[in-house]
Each structure stands twice: as structure tokens, then as C-alpha cells.
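# Any chance you can model this:
(chains A, B, C, D, E and F)
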4 protein chains.
Amino acid sequence: MPSPRLFRLDPDKRAAIFSAAAEEFATHGFEGASYNRIIERAGVSKGAMYYYFDDKADLFTTVVTDVFDQLEKDLPPPPPEVSAAAFWRSVHGHIDCIIRYGRENPTYVALMRATHEFEYSGVTDVAVKEVCKKSRERIERFLRDGQQVGAVRGDLPLSLLVELVFVLDRTVGHWIAERLDELTSEDLSRAGRMLCDQIKRVLRPADSHHGRDGRSVKSTP
Amino acid sequence: MPSPRLFRLDPDKRAAIFSAAAEEFATHGFEGASYNRIIERAGVSKGAMYYYFDDKADLFTTVVTDVFDQLEKDLPPPPPEVSAAAFWRSVHGHIDCIIRYGRENPTYVALMRATHEFEYSGVTDVAVKEVCKKSRERIERFLRDGQQVGAVRGDLPLSLLVELVFVLDRTVGHWIAERLDELTSEDLSRAGRMLCDQIKRVLRPADSHHGRDGRSVKSTP
Amino acid sequence: MPSPRLFRLDPDKRAAIFSAAAEEFATHGFEGASYNRIIERAGVSKGAMYYYFDDKADLFTTVVTDVFDQLEKDLPPPPPEVSAAAFWRSVHGHIDCIIRYGRENPTYVALMRATHEFEYSGVTDVAVKEVCKKSRERIERFLRDGQQVGAVRGDLPLSLLVELVFVLDRTVGHWIAERLDELTSEDLSRAGRMLCDQIKRVLRPADSHHGRDGRSVKSTP
Amino acid sequence: MPSPRLFRLDPDKRAAIFSAAAEEFATHGFEGASYNRIIERAGVSKGAMYYYFDDKADLFTTVVTDVFDQLEKDLPPPPPEVSAAAFWRSVHGHIDCIIRYGRENPTYVALMRATHEFEYSGVTDVAVKEVCKKSRERIERFLRDGQQVGAVRGDLPLSLLVELVFVLDRTVGHWIAERLDELTSEDLSRAGRMLCDQIKRVLRPADSHHGRDGRSVKSTP
DNA sequence: GATGAATGAGTGTTCATTCAT
DNA sequence: AATGAATGAACACTCATTCAT
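The predicted structure follows:
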């Protein structure tokens, strides 16, 4: 956990640290990132850095958590009414929000990706796992609501659906980020609709129209 | 590029090198991986390693290429007949093949994931990009065929569809890998069908049934 | 020298500092000890510490001096009567006192040992040397008294005898400290008598009974 | 454990490393010693050092072991005949040998002292403990032989007697080392006799002449 | 053809200490 | 009087790579 001093620190300095760290971690992943490089780019002394953060992992966790929290804060509240339509409207709202956030903070999108990778890798940090878990739980609650109004299929493990949504979002996000310069604002909102559609396709309950494949994965659900 | 000497090397030694490298890279990513650790675990001399491979990047590329090639070799040939049904049958065949491969080489699945991440990161290596590009082109050709028989939507950029297929596969692959012990052989083929279904959902052309969302992202495609 | 402010400090705080320092120095020696760790464990601010003590060496010296002084304060007064018997009785009194002190302050025993080592090492601090010198002078005066009443041999350099007494005490002290849990109170007083006996053996003048060895080391005493 | 490469190393280089390490450890103790300083003074590269030794502890242990082994190699064999006189003659032989060794390698004497301290401190290394244990066991066997011929008292725990012998030797050794320049060769052999006498005093069985003090420490021996 | 000794810049982290407040 | 933020040199150790043999 970062020292409380961090929050007493000049916001500009703190921003400089977070930005330098986010960029380094996003570019090189956790293990590949150089603490020294971050320190140098943030323009702080070595000692100061260790005054704010316990170690490299702590810095990573703190920055990642911050990014996730920042995003989450902007997300719209859960839908007041309960219906499939309301559910999808809410999904759309979330996606718009996320895309907008990503457009304004491309580095943070990359950082989120790096975080996810890190989580998948063999050297996962406990604190990072926590951040990811929180993030997943949020989606899980969301999907559960979707299942109750019949918007989300119930024949697949939630954990898998969560992962799919996670990854669809990241993939489209990355695809967008790579073409950010050439996309108009109109393109972006179209991209939002497209992503929403894709998620809908993935989550929608199986019906006669689409065949009977992939009903359930585990024999004992 | 690895030295031609590599291919004259005792296959067991070569396998030891590849296996050690794959594991290290899969666990730590490219930058986080330790060349020394690989050398040590492979049980070869330091000089020998630099005798076979130019450097760390070369080893990485070589191993990754090998894994991709290995997999590709096993993939079924493109469907002889051309029809939507044949296309999906072929997709299913591919997926079964990939899942089988992943079950037998879990390390390689992790390595592929690591490769993908590496590609996404900011420090992409030219050679690795080449491997990934080749792999993507294969999918792209596939999807183009699918489009011709009306199995794959044509209203989204191919590059995005390729990415989505890529990532769906990896996600389900990882989801499976994490639960490999608890899944029966029957579960696995069910998972194959499920993944196929998901890909179908993602690729299928938009129709009246599913609304008009996400028609196209770029205004001038 | 510590600032006079130290003595105006809340005794509890001061005790906390001394205790933390004693433990750290005892465990790691002077050079190995971490000033930061001491500060942290004492629960005082960094500035405060440098407000009370000049530096690490000053803290060390102060604490060590305190421990020596504490012990010395409890030691019995020199024997009023002058005779060999009175001398040995006094020695015994001292030893009992020291053993009791050590039992109650095992950390301080370790600290004394660490001090001694430090003195032996190549980086001796002037102030510490002073403390040790004072302590040695005390023993020296004692031994000189013993010589006058014929209780202590006169054929060896006093400095050597002092060292031997010093070290016998520390060795038995350490031996006891290591087994403190298993020794009864009775064992302890037996240990006191034993140590006294050992010191007597070492100091007693050479006589015909014990041979002529070790008469004198330096040809010109 | 040091790498076997160490023993393939140019003896001069190895000696340089050992000497630099011995001096540094002797002067600063284990924790206080600077690996960097040793490397610098030994005139080897950083990498090379870690090529020979696992880490700082390994270097310490290796050097210490070497010193102990060196000394031990020179020690005279155990006495052929068994009698108190032979025992004491053997003790004398050992002491002469040790004093001679110390005169020629004053650094190593200091290192031995540092080792002992280190062992006493709270952060003992397993390997170092092993070296000390071996050394103690040697003395213990010796004393046991002495007890059998009635030369050594049996009323005190052997572990304590061992410690006392250990420490007497070190103390006299240090006392000599400090005055090495002013002592003639004759002084040295006189010192040897003196130390032998002191050890005799400490070990000799209690007899009527010396009173009944210190018979046994533990109530249940 | 193949080795493994050697390198020194790099790693993340801790150090004793200072000084503006 | 007292704080705690800040420093940068030093710490033990690892890195990818070279090269004489």
C-alpha cells in the first residue's frame, strides 16, 4: 500500500509519477518495466519514490487501481427499471463511457491491457489480483442482472462470459486506440454501437434461430 | 534468424532449449524473461546459445514461430466445397484441432498469449510482428472465404474481425487451460462447440432479427 | 554527544528509543544496524532522532554508555576491609549483581557483547572506546586492589588480566543467556559461583602446586 | 557453496579475493562488510565475483572455512600415548601452532573473531554455523580425551568448557595481535606457555586446594 | 565447433543524513 | 521544539552479451 504521504503530495508531482509509471508499465509490462526509468521520467529522486511506494509492485498496483477507480467513477449508475431493453441501454451507456475514457487516456487503456496480461502470467501479484477481481465482480453482477431479465444466456459459466466481455472490450478498445487519429467522433460512436452489438451477440441466450451449439460446457453446471 | 547449426543440433537438446524458452517467455513475457535462466534450465552452455541464436529476441522469435508452425501443420486443409455449411464445418475442425493442441501443450498456449501481449506492447520486435502477421493473414484469408459464401459479415473491417476471432480463441483457450484438470474429454468437445458458436455469433452477418446496430464503424470503409 | 534535550524527553519515549536501539545494535552490530529501523521501531520522527543524537554513532555510544552506567550503579561498593577473602567476596558480589542484571536485561548483555566486538573491529569509534576504557579501568582498579592483598597474580600484564576477566564474564554470560529458559534460579546462583571460581582460577597467583608455566609474558614488564 | 570454477581460478587472483574478503569481513563483520568494496579491492569484476560465489554469505562462508581448514591442517596429530602429561603436551603443541599461524596471518585471526561474533549475533548463517560447529566439535573431542585421563574437570558442561577454551584462545590471540610489533619471538613462546597455563587453570578438576565452588551448574547434569 | 570465464551497466532497494517548515 | 519530506550514494545482486581459447 502506498504511504499516505502520497496523497499529501503536490498533485502535479503525483500526476507526473502516475503518468510516467502508467506509460512504462503499459509499454513494458510489470516485469519488463524499469523502476529507475519511471523515477527518472517522473523527475523525482530515488528515495522519494520509496518514500511514497513500498516497492515496484506497490507502485504498479496503486497506479492500476487508480485507473480502474477513475473509470468506474464515471460509469453510469445501474438501470433503475428492470428489463432487457434497459439492460442493453445500460450496457451501451457503459461502453460509451469506457470508449470516451479510453480516447482521453490512451495510455491507461494500454495499462489495463498490461494489467490483464500480468494477471494471466505466472507471477501474479496479490494486490493486482485484487484489483482485477473487483473489476470482474462488477461485470459479474452486471451479467447476473442481465440474466434475470433474460438478456444474458444462462447456459454458460458466468466466469467465462465475464472473461469474454472483458476481452471483447479490450480488443475493440485496442483496435480503436491504434486508429485513434483516423477515426472521427462519429466513427467512435459507431464503434461503441458495434461493440455493444458484439457483446450482445456473445451474451444473448441461444435460440432456435441460431442453432443448439454450445449449450453448456461443464456437464455438471 | 537462428543459425542453421540449430537444425543440425541433437533434437533432444533442441527440444530442451525450446521447452525451457517457451516456459520462461510464457511465464514472464519477453522483457521479463531471463535469458540466463533459460540457458541454465536448458542445460546448454552460454556460448552454444549464442552460437545458435543471435540474441534473446532471436530465440523468442524462433520458438514462437516454431509453435505457430507446429500448430498450423496440424490444421485441416481448407474446405474443398464452398458453402456456408462447409465453412463452419471447417471452422469447427480448426477449433477442435487447436483445442487438442492446447490440451497437449499448455505451455505453448501460454506462450502464444505472451506473444500476443508482446505484440500489443510498445516494444514490438520486427520478427515477432512477422510471425503474428502471418498468423493473422491466415485467419484473414479464411474470413474472406467465409464472406464469399455469406457466412461472415462484410460490414466490419476484416482486421477487426480477425482480432476478435484471435482473441475469442485465446480467451476460451485460457479459460480452458485454467480448468484443464477438472474438465472431462466430453467437456472439452463441448467447449469446442461452444467456442465455434461464439465465433459464429461474432462473425455472422447482421440480420433483421438482431437489430441494426454496429453496421459499420468506418464511414468510408 | 546526545543533545541535553534528550534528558528532557518523556522517559517512556526515551526508553522506547534506547530499547529499540539496544536490540538493533545487539542483533546486527554497529555497522549492520539500521538507523532507520531503530527510528521506526522506536516510533519517533526522523527529525527528532537527529534532534537528540548527532548521528548513528552518537546513539550507539549513548545507549551503550547508559547500559554500562546502569549496571555500574547497581554494583556493590568496594570492600571496606582489605584482605584476600574480602576481595573474593566482593568479586562474588559483583558477579551476582552482573548475572542478575543480565537475567533481567538479556538484550543488554547482547549489546555489551556487540560493543566489545565493535571495539575489536577495525572501525572503532572514539566515544565507544571511551566507554570501554572506563569499564576496563574499573576492572583494572579492582584487580590492582586484588594484587595488593595478594589475591591476584602480579606476573602478568594487568591489561591481559582485565581482558580475561572481561571475556570470561561475557562468555559465561552468553552461555547462560542462551539457556536462560532451562536454568532455575538455583542454577543461576550456582553459575555465579562457578564463574567466580573460574575467575579465581585465572587470577590466582602461580604457586608451586600448579607448576611454573606462564610466569610472565613480557620480558621487561 | 562456491562454484567449482573458483578452484580452477588463477591462485593469485583467488588469493587476492580471499585476502580482500578476509580483511573486509574482519574489519566490518559480516553485515557491515561491503561486497562492492571487496570486489573493488580484489580487482575483479562484479560479474566474475558472482560467477564464483553465490552471494555475500557464500563468499564469507568460503573464506572462513578456508581459514579454519588451513589452520586445522597444520595442527599436530592427537597424542599417541594417553596420560594427563601427554594431554597437556598436546595442548601446548596446538597452542604453539595456533599462535604461530596467528602471527603469520593476523588478518585471519581477526576474521575468526568476526566469525565468532557473527555466530553470536542474531543473524547467523547456516553455513557459518556449520563451520563453527565443526571447530567446536574438534575442541570437544579433545576435552573429552582430557577428561578420560583426568586432566579435565568433569563437573561442568562440556559445551561451557569448549566455549571457555575458545574464548581464552581468542582473547590471548587478540591481545598478542595488538602487540605483535613489540613482542619478541621469545615473548611469543612465553605467551604460548602462559595461554596453556590459563587453559590448564580453567580446565583442571576442582580439588580441595581450590575450594568447592562452582562444582556444577545444572542441578540435573 | 563449442566452451565458459568475464564483463560492467543494469536491477530494485536501503542507507544515513539534511533541511525547509 | 519538532516534523517528515527529500536526497542520492551505496547496497547486494542480475542482466544480456562477448571473446579468448
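# What residues does residue A:177 make contact with?
Residue A:177 makes contact with A:102, A:106, A:109-110 under the criterion Cβ atoms under 8 Å, 6 or more residues apart in numbering or on different chains. For the C-beta atoms, the positions are set from N, CA and C on the backbone; glycine is no exception.
# Work out for me the element it sits within.
In this assignment (DSSP states H and E), residue A:177 forms part of helix A:158-178.
# Identify the residue spatially nearest to residue A:204, adjacent ones excluded.
Nearest non-adjacent residue to residue A:204, counting by Cβ to Cβ, 6 or more residues apart in numbering or on different chains: residue A:153, 6.4 Å away.
# Ramachandran angles for that neighbour?
Phi and psi for residue A:153, reported as degrees, to the nearest 10, are phi -60, psi 150.
# List the residues that contact it.
Residue A:153 makes contact with A:147, A:161, A:203-206, according to Cβ under 8 Å, 6+ apart.
# now the angle from the helix holding residue A:177 to helix B:158-178?
150 degrees (axes from the mean of the first three to the mean of the last three Cα atoms, to 10 degrees).
# sorry, back to before: of the contacts of residue A:177, buried ones?
For these, a burial check counting by 16 or more other Cβ atoms under 10 Å in any protein chain shown picks out A:102, A:106, A:109-110.
# The closest residue in space to residue A:56 that isn't next to it in sequence: neighbour count?
Of all residues not flanking residue A:56 in the chain, residue A:35 sits nearest, at 4.9 Å (Cβ to Cβ, 6+ apart). The tally of other residues near residue A:35 (other Cβ atoms under 10 Å in any protein chain shown) stands at 17.
# now do residue A:180
Residue A:180 has 13 neighbours, counted by other Cβ under 10 Å.
# That one contacts residue A:106, correct?
Yes - Residue A:180 is within contact range of residue A:106, at 6.5 Å (criterion: Cβ atoms under 8 Å).
# Pull the contacting residues for the residue nearest the centre of chain A.
For chain A, the residue nearest the mean C-alpha position is residue A:112 (5.4 Å; Cα atoms, centre = their mean). Residues in contact with residue A:112 (Cβ under 8 Å, 6+ apart) are A:64, A:67-68, A:170, A:173.
# ok, those vs chain D, which is closest?
Closest to chain D out of those is residue A:64 (32.5 Å), distances taken as Cβ to the nearest Cβ.
# And chain C, is stretch A:37-48 touching that?
No - residues of stretch A:37-48 are not located near chain C by Cβ under 8 Å from any Cβ of the partner chain, the shortest gap being 11.1 Å.
# For that stretch, what does the pLDDT average out to?
The average pLDDT within stretch A:37-48 is 94.
# Can you give the contact residues for it?
Defining contact as Cβ under 8 Å, 6+ apart, one finds that stretch A:37-48 is touched by A:13, A:16-17, A:19-21, A:23-24, A:36, A:49, A:59.
# buried sites along that stretch?
A:38-39, A:41-42, A:44, A:48.
# would you list those residues in TSV and tack on secondary structure and distance to residue D:123?
Below are these laid out as TSV (DSSP: H, G, I helix; E, B strand; the rest coil; distance: Cβ to Cβ, whole Å):
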residue	secondary structure	distance to residue D:123
A:38	helix	32
A:39	helix	30
A:41	helix	37
A:42	helix	35
A:44	coil	33
A:48	helix	30
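# Where does the prediction get shaky in chain A?
Residues of chain A that meet the criterion pLDDT under 70 lie in A:207-221.
# Show me the helices in it, by range?
Along chain A, counting by DSSP state H, helices occupy A:5-8, A:11-32, A:35-42, A:46-52, A:56-74, A:84-104, A:106-120, A:126-148, A:158-178, A:185-203.
# near DNA strand E at all, the second one?
No - residues of helix A:11-32 contacting DNA strand E under Cβ under 7 Å from any atom of the strand: none, with a closest distance of 8.2 Å.
# List the buried residues in that helix.
Within helix A:11-32, the residues that qualify as buried by neighbour count (16+ other Cβ under 10 Å) are A:14, A:17-32.
# Equivalent analysis for the longest one, please.
Within helix A:126-148, the residues that qualify as buried are A:127-128, A:131-132, A:135-136, A:139-140, A:142-143, A:145-147, counting by 16+ other Cβ under 10 Å.
# same thing with the first one?
If you call a residue buried by 16+ other Cβ under 10 Å, then helix A:5-8 has these buried ones: residue A:6.
# And chain C, is it touching that?
No - residues of helix A:5-8 are not located near chain C by Cβ under 8 Å from any Cβ, the shortest gap being 12.5 Å.
# List of residues touching that helix?
Helix A:5-8 has contacts (Cβ under 8 Å, 6+ apart) with A:14, A:51-53, A:62.
# These: which two are farthest apart?
Between any two of the contacts of helix A:5-8, the greatest separation by Cβ to Cβ is 13.5 Å, found for A:51 and A:62.
# Show me which of those two is the more surrounded one.
Neighbour count, other Cβ under 10 Å: between residue A:51 and residue A:62, residue A:62 has more, with 21 against 14.
# what sits against the nearest residue to residue A:28 once chain neighbours are set aside?
Closest residue in space to residue A:28, ignoring its immediate chain neighbours: residue B:31 at 5.3 Å, by Cβ to Cβ, 6+ apart. Neighbour list for residue B:31: A:28-29, A:31-32, B:123 [criterion: Cβ under 8 Å, 6+ apart].
# Closest one to residue A:77 out of the residues you listed, please.
Here the nearest of the contacts of residue B:31 to residue A:77, counting by Cβ to Cβ, is residue A:29; it sits at 34.0 Å.
# Could you check how far that closest one is from chain C?
31 Å (Cβ to the nearest Cβ, to the nearest Å).
# Columns distance to residue A:116 on top of the contacts of residue A:153, output as a markdown table?
Below are these laid out as a markdown table (distance: Cβ to Cβ, whole Å):
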| residue | distance to residue A:116 |
| --- | --- |
| A:147 | 24 |
| A:161 | 16 |
| A:203 | 20 |
| A:204 | 24 |
| A:205 | 27 |
| A:206 | 28 |
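# just curious, which of those residues is nearest to DNA strand F?
In terms of Cβ to the nearest atom of the strand, no member of the contacts of residue A:153 lies closer to DNA strand F than residue A:161, at 37.7 Å.
# Good, wrapping up.
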